[in-house]
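Engineer: Give me the fold of what follows.
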Amino acid sequence: MAKIVVLGAGTGGMPAAYEIKEALGKDHEVLVVNERPEFRFVPSNPWVAVGWRNSEAVTMPIEKYLNKKKINFKCARVDKIDAENNFLLTSDNEQIDYDYLIIATGPKLAFSNIPGAGPEGFTQSVCTLDHAEKCYDDFEKLVANPGPVIVGSFQGASCFGPAYEYAFILDKALRDEKIRHKVPMYFVTSEPYIGHLGLGGVGDSKSMLESELRHRNIKWICNANVDEVKEGKMLISELDRKGEVAFSHELDFNHSMLIPPFAGVDAVANVEGLCNPKGFVITDEYQRSPKYPNIFSGGVCVAIPPVEATPVPTGTPKTGYMIETMMTAIAHNLKSIVVHNEVPKTKGTWHAICLADMGDTGAAFVAMPQIPPRNVTWFKKGKWVHLAKIAFEKYFMRKMRTGVSEPVYEKYVLKALGIERLEDE
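Structural biologist: Numbers count the residues shown, from 1 in each chain. Next comes the predicted model:
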């Protein structure tokens with residue numbers, strides 16, 4: 001009997017556990033290790049940050065639902081991975097042995113790279129549920145005391161969709177409160193242009209997102225390097241195409257939310273030879289570590305090179321569809337190895353699919369493959385995207401409760417986009 005440990009129970013780790021258990025069957029053990037007892041649906045965090053969702057709507061207990069599928073669960077923080085001897089060490093000094101390890105931890109939020117950044121400093125975040133709830137508290141203060149707002153992404157960020165989402169959702173929430181006219185808004189981003197998204201743009205994303213920002217009277221600064229954040233003030237260097245400072249800005253704010261740069265979590269990043277310099281797991285085309293053949297990884301914690309060099313460092317996002325296919329590939333490859341004694345042969349896709357809510361409308365894009373040049377590029381907006389994202393939240397949470405190994409993006413998101421299936425060329 002093989003023991004497979006899944007480290008992390010987020011939007012990658014939970015589906016991975018279900019799919020691996022289904023693929024391997026009852027003769028093999030699957031154990032999920034996560035530092036919190038509940039699953040949290042991260043894509044809904046921008047809604048939580050303005051009070052459109054509460055924690056009960058976007059969380060569920062992990063152990064109860066995993067146990068229904070004969071999957072074990074351990075609530076613990078892992079402080080060390082001993083990849084040479086195949087065990088994890090928890091903060092309580094408990095040793096957890098494994099035959100195969102699936103790393104699905106997500107990222108470490110590197111607010112410390114920017115002085116004054118983050119919830120421990122002077123800016124808010126929607127990267128975790130705790131941060132989103134704190135952001136909502138700050139949003140309520142903004143409603144009580146309207147003033148300038150800054151939304152965007154710090155230098156080194158690799159996740160831009162939630163920044164745009166939050167800017168548009170916040171605009172709608174302020175209009176609902178009838179105070180939008182009292183709140184000047186800036187969108188500050190490391191992207192070289194609006195709609196770059198860390199992907200070199202997708203279709204008409206530049207002009208479309210610029211138009212949406214103009215329509216909502218949200219000004220923007222691109223190629224932005226945030227030098228420091230002080231209480232109520234942000235110091236920004238705007239770089240030119242040569243990477244030299246073209247303008248310096250001092251923007252006041254009553255409320256600010258910027259996406260931080262990501263790094264690998266310490267327990268993963270500290271494993272010699274497992275990760276790149278930023279702590280992201282290096283994998284081959286089968287999601288397998290080249291150095292440690294019994295370690296696989298998928299999701300935000302894997303290493304993907306930037307699409308292109310930009311004046312301000314800009315990372316490449318790992319979108320939900322890509323993550324889903326990574327985890328499916330891992331499950332199939334483990335079955336090949338453990339059950340059939342064969343070599344891995346299943347690959348995840350490098351296509352990107354995204355539904356971005358914009359408060360009362362939304363934008364959707366498809367990039368095949370995610371990194372250009374592409375075979376298919378598609379970007380559209382409409383009220384239907386807003387509704388599709390609400391439906392997707394419902395379907396994904398249902399999948400987490402039932403443990404049904406259905407491809408949620410393929411079954412529901414592609415259907416909403418009018419696409420039957422994305423096939424690799």
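
Engineer: Please make it C-alpha for all contacts and neighbour counts, starting now.
Structural biologist: Will do.

Engineer: now the helices: where do they sit in the stretch 201-350 of the chain?
Structural biologist: Ranges of helices in the stretch 201-350 of the chain, per DSSP state H, counting those that start in this stretch, are 205-215, 266-269, 320-334.

Engineer: Go through these and pick out the most buried.
Structural biologist: helix 320-334 (a mean of 24; mean count of other CA atoms under 10 Å).

Engineer: I'd like the mean pLDDT over that one, please.
Structural biologist: Mean per-residue pLDDT for helix 320-334: 93.

Engineer: got it, and stretch 218-233?
Structural biologist: Stretch 218-233 shows an average pLDDT of 98 in the prediction.

Engineer: Angles on the backbone of residue 150, please.
Structural biologist: phi -130, psi 130 (degrees, to the nearest 10).

Engineer: what's the answer for the one 10 residues further on, then?
Structural biologist: Backbone torsions for residue 160, taken as degrees, to the nearest 10, come to phi -110, psi -20.

Engineer: And for it, the neighbour number?
Structural biologist: Counted with other CA atoms under 10 Å, the neighbours of residue 160 add up to 26.

Engineer: Quick one: residues contacting the closest residue to it other than its chain neighbours.
Structural biologist: Nearest residue to residue 160, sequence neighbours excluded (CA to CA, 6 or more residues apart in numbering): residue 197, at 5.4 Å. Neighbour list for residue 197: 159-161, 191, 317 [criterion: CA atoms under 8 Å, 6 or more residues apart in numbering].

Engineer: Ok, residue 232 next?
Structural biologist: For residue 232, the contact set (CA under 8 Å, 6+ apart) comprises 122, 252-255.

Engineer: Need the contacts of residue 197 in JSON lines (columns: distance to residue 18).
Structural biologist: Below are the contacts of residue 197 laid out as JSON lines (distance: CA to CA, whole Å):
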{"residue": "159", "distance to residue 18": "26"}
{"residue": "160", "distance to residue 18": "29"}
{"residue": "161", "distance to residue 18": "27"}
{"residue": "191", "distance to residue 18": "36"}
{"residue": "317", "distance to residue 18": "24"}
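
Engineer: among those, who's most crowded?
Structural biologist: Busiest of the contacts of residue 197 [other CA under 10 Å] is residue 191, holding 32 neighbours.

Engineer: I'd say it and residue 315 touch.
Structural biologist: No: if you go by CA atoms under 8 Å, residue 191 and residue 315 don't touch, sitting 9.4 Å apart.

Engineer: For those two, list the residues in contact with both.
Structural biologist: Counting by CA under 8 Å, 6+ apart, the residues touching both residue 191 and residue 315 are residue 198.

Engineer: which ones are touching the closest residue to residue 233 other than its chain neighbours?
Structural biologist: Distances taken as CA to CA, 6+ apart place residue 252 nearest to residue 233, at 4.4 Å, with adjacent residues excluded. With contacts defined as CA under 8 Å, 6+ apart, residue 252 is in contact with 148-149, 232-234.

Engineer: Confirm the residue nearest to residue 160 sits in a strand?
Structural biologist: No: counting by DSSP: H, G, I helix; E, B strand; the rest coil, residue 197 is not part of a strand but coil.

Engineer: Domain parsing of the chain, as residue ranges.
Structural biologist: Following automatic domain parsing, one gets these domains for the chain: 3-108+263-347, 111-261.

Engineer: Pipe these into JSON lines and attach distance to residue 387 per row.
Structural biologist: What follows is the domains of the chain, written out as JSON lines (distance: least, CA to CA, whole Å):
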{"stretch": "domain 3-108+263-347", "distance to residue 387": "13"}
{"stretch": "domain 111-261", "distance to residue 387": "14"}
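
Engineer: List just the one of those domains that sits closest to residue 384.
Structural biologist: Evaluated over those, closeness to residue 384 peaks at domain 111-261, with 15.2 Å, by CA to CA.

Engineer: re the thing from before, just the buried subset of the contacts of residue 232, please.
Structural biologist: Applying a neighbour-count criterion of 16 or more other CA atoms under 10 Å, the buried members of these are 122, 252-255.

Engineer: Select, from those residues, the two members most distant in space.
Structural biologist: By the measure CA to CA, 122 and 252 form the most distant pair in these, at 11.8 Å.
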